[in-house]
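**Student:** Provide a 3D model corresponding to the input given below.
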Amino acid sequence: MNPSAWRTIASEPLHKSPWLRLNRETVATPSRPNGVAWLVVRRPVAAVIAPRTPAGEYLLIRQERVPVRRETWEFPAGQIEGDGSDDSILATAHRELGEEAGVRCSGELVSLGLFFSSVGFTDECCHLFLAPEAVPASELVAHDTNEAIHEVRAFSPQALREAVAAGEIIDANTLAVFARLVARSLLE
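**Tutor:** This is a model prediction of the structure:
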């Protein structure tokens, strides 16, 4: 793979919000040196965190998701505020634990790597973490005003496996974290 074969020939902004930018881009690729036109959604880097309680249960949140018109069970997640450095990614992970699940990690966050949520249309990159010692936060943190979180529930490892297998968990971020936990033998 030749990274220098990838270059942006043209980029036209079509929409911009605090959460995303939509561009019409023409990009030269290794197999298409003259370029290919593509609509690309640019999104800030995100953090997704699997909070695990000292009892070994995983905390998921149930929240409304307007684009799919349903409530989904998810691990806490949020876009990075700051410069995208390792420190800002970790700060975001800790912030989201408090804002969305009402917990804090009393130990070290365990990095589970990163993944791209939907490579066909967005550059969104998510950093995945395990919070192995999730305990109630000492102070309540208000939810983001754009969120509608209805419940925080503890799932045993077996209940989490069953919810994934039954198709009750459909969020890509949560499924990615689940896959990494299983692949690394961390789902106790």
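**Student:** Can you classify the residue lying farthest from the centre of the chain by secondary structure?
**Tutor:** Distance from the C-alpha centroid of the chain, by CA atoms, centre = their mean, peaks at residue 34 (33.8 Å). Following DSSP: H, G, I helix; E, B strand; the rest coil, residue 34 is assigned to coil.
**Student:** residues in contact with it?
**Tutor:** By CB atoms under 8 Å, 6 or more residues apart in numbering, the contact set of residue 34 is residue 28. The C-beta positions use only the backbone N, C-alpha and C, and glycine is treated the same way.
**Student:** Go again with 10 Å.
**Tutor:** Contact analysis of residue 34 by CB atoms under 10 Å, 6 or more residues apart in numbering lists 9, 26, 28.
**Student:** The nearest residue to residue 106 once chain neighbours are set aside and residue 125, how far apart?
**Tutor:** Once flanking residues are discounted, residue 106 sits nearest to residue 133: 4.2 Å by CB to CB, 6 or more residues apart in numbering. As judged by CB to CB, to the nearest Å, residue 133 and residue 125 stand 26 Å apart.
**Student:** still on that earlier bit, just put the contacts of residue 34 in CSV and tack on neighbour count, secondary structure and distance to residue 77.
**Tutor:** Supplementary listing: the contacts of residue 34 in CSV, determined by neighbours: other CB atoms under 10 Å; DSSP: H, G, I helix; E, B strand; the rest coil; distance: CB to CB, whole Å:
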residue, neighbour count, secondary structure, distance to residue 77
9, 13, strand, 33
26, 16, strand, 32
28, 16, strand, 33
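**Student:** And for residue 164, the neighbour number?
**Tutor:** If you count neighbours by other CB atoms under 10 Å, residue 164 ends up with 18.
**Student:** okay but it is in contact with residue 176, surely?
**Tutor:** No - applying CB atoms under 10 Å as the test, residue 164 and residue 176 come out as separate, 11.3 Å apart.
**Student:** This protein: helices as residue ranges?
**Tutor:** Using DSSP state H, the helices found in the chain span residues 86-96, 157-165, 172-183.
**Student:** Quick check: bridge partners of residue 21?
**Tutor:** Note on residue 21: beta-bridge partners by DSSP bridges are residue 16, residue 42.
**Student:** Make 623 the starting number, not 1.
**Tutor:** In the new count, where the first residue is 623, that last one comes out as residue 643.
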